[in-house]
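**Student:** pasted the sequence and its predicted model underneath.
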Amino acid sequence: MNLRMIATATAFLAVVSAAVFGSGRAEEKPMSSATFPPSGIVTVERVTFKNRINIDVAGDLYIPKQIVRSARHPAIAVGHPFGGVKEQTSGLHAQKMAELGYITLAFDASFYGDSGGEPRHIEVPEIRVEDFSAAVDFLSNHPLVDPGRIGVIGICGGGGYSVSAAAIDHRIKAAATVSMYDMGRARRQGLGDVITYDQRMKTLDEIGEQRTREFRGEPRRDIVAIPEKLSPGDTENTREFFDYYRTPRGYHPNLSPTGYSFTSLAPMMNFFPFVQIETISPRPLLFIVGERAVSAYFSEDAYSKAAEPKELFVVPGASHVDLYDVPQYMAVSIPKMDSFFKQYLR
């Protein structure tokens, strides 16, 4: 079944949704091409809804074809990695979970992909957190969703944002992360905590100077998150991200070729997603990491600070990026999330 057929098959639900969702809307329009094949047992609907800052957030809503439409069901909002879009691993996770019976929503963060927000490709952690709550707003008002059974999945950078959202949004009844990155710590200290205090202060000096230049009309400075070509000195971690984002495996045209703005580093450094993680309890947390992931310490840190119920689940043999889409590792991580959400979104 092609994507146009999927969109047509959900036209009726799109009309109903547009009538009852308040500020959200659903439309029958062509799907952006995903980086994974469509499911034969799930329908996909393009939706748009407002966040608290009045930015249009775009999402793909995945609904099991055999769902009982006279009942309300558990739902999961899925946030993509830093710099990613909903047509990549977050959409794949949303589709996989929908195949197991959940209503799922993969959405583009503000300033990225099909979502609104100007200027483009900037990082505002508060708004990234808000987008998760906006997704819960949307799901809470969907006629097929039980608003008391909504969870979230955050992947890579989306993991830190999802945990931060769960700490302040009690409508999120359960939160799972996959290959989580703490983007604040990563920008303050670098991957592996290799950036010194003096280096960080120098970067903040440069950011201030760049803001001054941009205010008077000089060109914006951007950071290329993933190199356009590999060099012999690149780390295994860089090579993994390159293999996902720069090859047909995971490349999507909605990705920014320049990554994100240099001045975004300052608010990112000021982001501490785990400062009140213990207040999520008694709502549960699940942290899924790859055994070989260089980012695993972010999840280990969050796990150590969280209160029960919590679980750190290690996928044997997997790296950080392996958990994005590699079938043999998703065959472990997806059933784990299914059992987690079945237990806590009852």
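**Tutor:** Perfect, thanks for sending it. Residues are numbered from 1 along each chain as shown.

**Student:** please count neighbours and contacts with C-alpha atoms only from this point.
**Tutor:** OK.

**Student:** which parts of the stretch 1-150 of the chain are strands?
**Tutor:** Remark: strands assigned in the stretch 1-150 of the chain by DSSP state E, counting those that start in this stretch are 25-27, 42-50, 56-64, 73-79, 103-107, 145-155.

**Student:** so the residue located most distally from the centre of the chain versus Thr203, what's the distance?
**Tutor:** In terms of distance from the mean C-alpha position of the chain, Arg216 ranks first, at 34.2 Å (Cα atoms, centre = their mean). Arg216 is 20 Å from Thr203, where distance means Cα to Cα, to the nearest Å.

**Student:** so, low pLDDT: which residues of the stretch 1-150 of the chain?
**Tutor:** 1-23, 25-32 (pLDDT under 70).

**Student:** now for the helix or strand hosting Val314, which elements pack on it?
**Tutor:** Val314 belongs to strand 310-315 when assigned by DSSP states H and E. Here strand 310-315 touches strand 285-290, helix 296-305, helix 327-344, going by 3 or more Cα pairs under 8 Å, 6 or more residues apart in numbering; DSSP states H and E.

**Student:** any idea of the angle the longest one forms with strand 285-290?
**Tutor:** Using axes from the mean of the first three to the mean of the last three Cα atoms, to 10 degrees, the interaxial angle of helix 327-344 with respect to strand 285-290 works out to 170 degrees.

**Student:** how far off centre is helix 327-344?
**Tutor:** 17 Å (Cα atoms, centre = their mean, to the nearest Å).

**Student:** so which bits of that helix are buried?
**Tutor:** Neighbour counts using 16 or more other Cα atoms under 10 Å place 329-330, 333-334, 336-337, 340-341 of helix 327-344 among the buried residues.

**Student:** and stretch 286-294, how far apart are its ends?
**Tutor:** 18 Å.

**Student:** in the sheet, who's paired with Leu285?
**Tutor:** Ala175, Lys310 (DSSP bridges).

**Student:** so what's the residue count around it?
**Tutor:** 27 (other Cα atoms under 10 Å).

**Student:** how about Asp146?
**Tutor:** Asp146, neighbours per other Cα under 10 Å, totals 18.

**Student:** for the one 10 residues further on, same thing?
**Tutor:** Per other Cα under 10 Å, the neighbour tally for Cys156 reads 29.
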